[in-house]
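> below is the structure, and that's it, no one-letter string:
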């Protein structure tokens, strides 16, 4: 779920989320009995689904692959929903508040081309090879060593990510509602362990579709009512121009010609090649968490249609994420009616009030942070420093919950909070279900017990879900007590994406690529990525070397690090393959482009043809980019 | 979902009926009594009434269209 949450690299990021725990501020919202009932019904529903699906998850194919009987719609919604987590929603709403619609790149160029490519070009190889997982594909193409490297790194990353998700949910629930951290962690983990342990991947997919509906049902009202209040899109633009004296907030590409010309500090080359190609293709086409959803489709055509269906919804997500962030810029108010300005979490932390008395703990640090990192008026700064009533600061990441509280009364607020909870829980469920599959098929079966019965592997899968959830709880508490770890856990994800993409693309589209080359390319690519991360971590000035500009900001580092790691993997695979013996072409059927005979599909009317829908997506994508140029 | 069994859309329908009914009911109560939450904006639009009704109707549609007896036929 956190795969495309690069907010970790931005100012005011979720990597500082644990710092919020130190605050004594009152919760943002108070739930009424009706809201509690809405949340309780959601939990009853997911458990009902889990128990219902238990009877349909008896074989390994049913438990790990949902019986491969999902329709294109369900696989497509689940595919896009697996990336629609609450951290993502809140993080990108906060980023939109800071950077304007530049943040939309992560939904459009950072997703759509890759989703179309997956559906039309790559899916046939994943599907025809009948692999159970992405590491499984590497096994078929490059052998056991590559599979083990990818599987172990992926499994580790999944349980840690699940822990981060769990912890993030607990923090958000504490900040928004004042709930106890342990209560949130225990309730969410027991529910996830139950419904995924009982129903397997099918249960995870069902809950992702449910989450998708809840997120739209719970969050769609915010932009609609916000636009009504702001006077429509033109009214919003006029108010931002008046308040902020800049129209950069409405341009996707115009100001990306130079790192210093836009607030994000990114260059269009980084957006196109780093985000639009390496990160996006790496995430959407090789991350097993999302690919697993499409592998569960009931036939090849459904598997190809699923990402294309998903791409329509992905393009629409900025309406419920980016727009509330922009609306927050002009509509959010303090309780006294004055304009509320959100700040970075580092500033919120610097200005934390004492838990025992109404005083700022570190007035000097707070004063410096306010004057150097915000544009608050002198009067507003003074109010914060004197801990005046209703003067507490809120971070960018709270933009979405604050907008929800602004428009949602009892019931509707419960629905919005349920959508956030559902997002977190299905994120955890996605993590542990993917972990369970990779652990059972790519680690346990080939390396520990090759001769188990089908029911034995289902039992191992169920046990691994319990173990995965238990480890996730441990990871959640580890992150809570050692805040810096969250940075590393999130970075962990980015280490593998680009090298894995290089290995898969070379394996899938070049017959000459060999097994030793695949393994070495993957390994050296990962080492390159980790080395660049460590280099910049300990020598921040080297960011300018990695991102090729002294004006680059942390966001650019992620994009360029991915690009270098990808290129390293591709070059290593290319060079080593030239010196090693390739497999006979006959062995590559079903695995490599040009060596695979794809099954003939029955002709369908044009409105069911994936190419027609893909062309439509491309046209809408192009029009949106031109419209918001 | 392909194959037999209760489709996910039915579960979604049930949830939407429950949520829509609760939110609509509260909206009507709020409108009738005029007791709106203080901090909430645009209460004059009676959002819970029409949003609740929309969710409820959508839920009824899904429940009827994907009810188990019908979908297993």
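Great, that's in hand. What you see is a predicted model; the values in this text were computed from it and never measured.
> which residues does residue B:60 contact?
Listed by Cβ atoms under 8 Å, 6 or more residues apart in numbering or on different chains, the contact set of residue B:60 reads B:13, B:17. The way it works is simple: take the backbone N, C-alpha and C, and place the C-beta from them, glycine included.
> pLDDT score for it?
In this prediction, residue B:60 carries a pLDDT score of 96.
> what's the answer for residue A:74, then?
91.
> cool, and the one 10 residues further on?
pLDDT for residue A:84: 80.
> roughly how far does it sit from residue A:516?
Distance, residue A:84 to residue A:516, using Cβ to Cβ, to the nearest Å: 39 Å.
> check which element follows the longest helix that chain B contains along the chain.
Secondary structure assigned by DSSP state H gives helix B:8-33 as the longest helix of chain B. Per DSSP states H and E, the first helix or strand lying C-terminal to helix B:8-33 is helix B:47-65.
> what comes up buried for that following helix?
B:47, B:48, B:49, B:51, B:52, B:53, B:55, B:56, B:58, B:59, B:62, B:63 (16 or more other Cβ atoms under 10 Å in any protein chain shown).
> list the contacts for the third one?
By that I understand residue B:49. B:24, B:27, B:28, B:31.
> kindly recompute the last result at 10 Å.
Going by Cβ atoms under 10 Å, 6 or more residues apart in numbering or on different chains, residue B:49 touches B:23, B:24, B:25, B:26, B:27, B:28, B:29, B:30, B:31.
> also within reach of chain A: list those from the residues you listed.
B:23, B:24, B:25, B:26, B:27, B:29, B:30 (Cβ under 10 Å from any Cβ of the partner chain).
> which of the residues you listed are buried, as a ChimeraX select command?
Per 16+ other Cβ under 10 Å, the buried members of the ones next to chain A among the contacts of residue B:49 correspond to this ChimeraX selection:
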select /B:23,24,25,26,27,30
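> now the ones next to chain A among the contacts of residue B:49 as CSV including distance to residue A:205 and pLDDT?
As requested, the ones next to chain A among the contacts of residue B:49 are exported to CSV (distance: Cβ to Cβ, whole Å; pLDDT from 0 to 100):
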residue, distance to residue A:205, pLDDT
B:23, 27, 95
B:24, 30, 96
B:25, 32, 95
B:26, 32, 94
B:27, 33, 94
B:29, 37, 93
B:30, 37, 91
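> what's the per-residue pLDDT of the residue lying closest to residue B:26 once chain neighbours are set aside here?
Nearest residue to residue B:26, sequence neighbours excluded (Cβ to Cβ, 6 or more residues apart in numbering or on different chains): residue A:411, at 4.7 Å. What the model reports as pLDDT for residue A:411 is 91.
> ok, now the one 4 residues further on?
Among the per-residue scores, residue A:415 holds a pLDDT of 93.
> excluding sequence neighbours, find me the nearest residue to it.
Closest to residue A:415 by Cβ to Cβ, 6+ apart is residue A:218, at 4.3 Å.
> do residue A:371 as well
Once flanking residues are discounted, residue A:371 sits nearest to residue A:381: 6.9 Å by Cβ to Cβ, 6+ apart.
> list the contacts of that neighbour.
Listed by Cβ under 10 Å, 6+ apart, the contact partners of residue A:381 are A:351, A:366, A:367, A:369, A:370, A:371, A:374, A:391.
> residues contacting the first one?
With contact taken as Cβ under 10 Å, 6+ apart, residue A:351 is in contact with A:23, A:343, A:360-363, A:365-367, A:369-370, A:374, A:381, A:384-385, A:387, A:391-393.
> now, of these, which are buried?
Buried subset of the contacts of residue A:351 (neighbour count, 16+ other Cβ under 10 Å): A:23, A:343, A:360-361, A:366-367, A:369-370, A:374, A:381, A:384-385, A:387, A:391-393.
> which of the contacts of residue A:381 fall in helices?
Judged by DSSP H, these include A:366, A:367, A:369, A:370, A:371 as members of helices.
> could you save those residues as JSON lines and add columns showing pLDDT and distance to residue A:257?
Supplementary listing: the ones in helices among the contacts of residue A:381 in JSON lines, determined by pLDDT from 0 to 100; distance: Cβ to Cβ, whole Å:
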{"residue": "A:366", "pLDDT": "81", "distance to residue A:257": "37"}
{"residue": "A:367", "pLDDT": "83", "distance to residue A:257": "37"}
{"residue": "A:369", "pLDDT": "80", "distance to residue A:257": "32"}
{"residue": "A:370", "pLDDT": "81", "distance to residue A:257": "32"}
{"residue": "A:371", "pLDDT": "80", "distance to residue A:257": "31"}
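> quick one: contacts of the strand or helix carrying residue A:615?
Taking DSSP H and E as the criterion, residue A:615 maps to helix A:610-627. For helix A:610-627, the external contacting residues (Cβ under 10 Å, 6+ apart) are A:72, A:104-105, A:107-109, A:111-113, A:115-117, A:119-120, A:123, A:252-253, A:300-312, A:314-316, A:318, A:601, A:604-607, A:609.
> list the buried residues for it?
Buried residues in helix A:610-627 (16+ other Cβ under 10 Å): A:610, A:613, A:614, A:617, A:620, A:621, A:624, A:625.
> list the contacts for the residue of the stretch 401-550 of chain A found nearest chain B?
Proximity of the stretch 401-550 of chain A to chain B (Cβ to the nearest Cβ) peaks at residue A:411, 4.1 Å away. The contact partners of residue A:411, taken as Cβ under 10 Å, 6+ apart, are A:32, A:34-35, A:37-38, B:19-20, B:22-27, B:30, B:47-48, B:51-52.
> relative to residue A:36, how far out is it?
Taking Cβ to Cβ as the measure, residue A:411 falls 11 Å from residue A:36.
> could you do residue A:569 as well?
50 Å.
> the more surrounded of these two?
More crowded of residue A:569 and residue A:36, by other Cβ atoms under 10 Å in any protein chain shown: residue A:569, with 30 against 13.
> right, and that one touches residue A:495 too?
No - using Cβ atoms under 10 Å, residue A:569 is not in contact with residue A:495; the gap is 11.8 Å.
> what about stretch A:61-69 and chain B, touching?
Yes - against chain B, stretch A:61-69 shows contacts by Cβ under 10 Å from any Cβ at A:66, A:67, A:68, A:69.
> could you report the neighbour count for the last one?
Residue A:69 has 22 neighbours, counted by other Cβ under 10 Å.
> I'd say it and residue A:62 touch.
Yes - counting by Cβ under 10 Å, residue A:69 does reach residue A:62; the two are 8.9 Å apart.
> quick one on the thing from earlier: can you list the ones next to chain A among the contacts of residue B:49 in JSON lines and add distance to residue A:229?
Output for these, formatted as JSON lines (distance: Cβ to Cβ, whole Å):
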{"residue": "B:23", "distance to residue A:229": "20"}
{"residue": "B:24", "distance to residue A:229": "23"}
{"residue": "B:25", "distance to residue A:229": "26"}
{"residue": "B:26", "distance to residue A:229": "22"}
{"residue": "B:27", "distance to residue A:229": "19"}
{"residue": "B:29", "distance to residue A:229": "24"}
{"residue": "B:30", "distance to residue A:229": "19"}
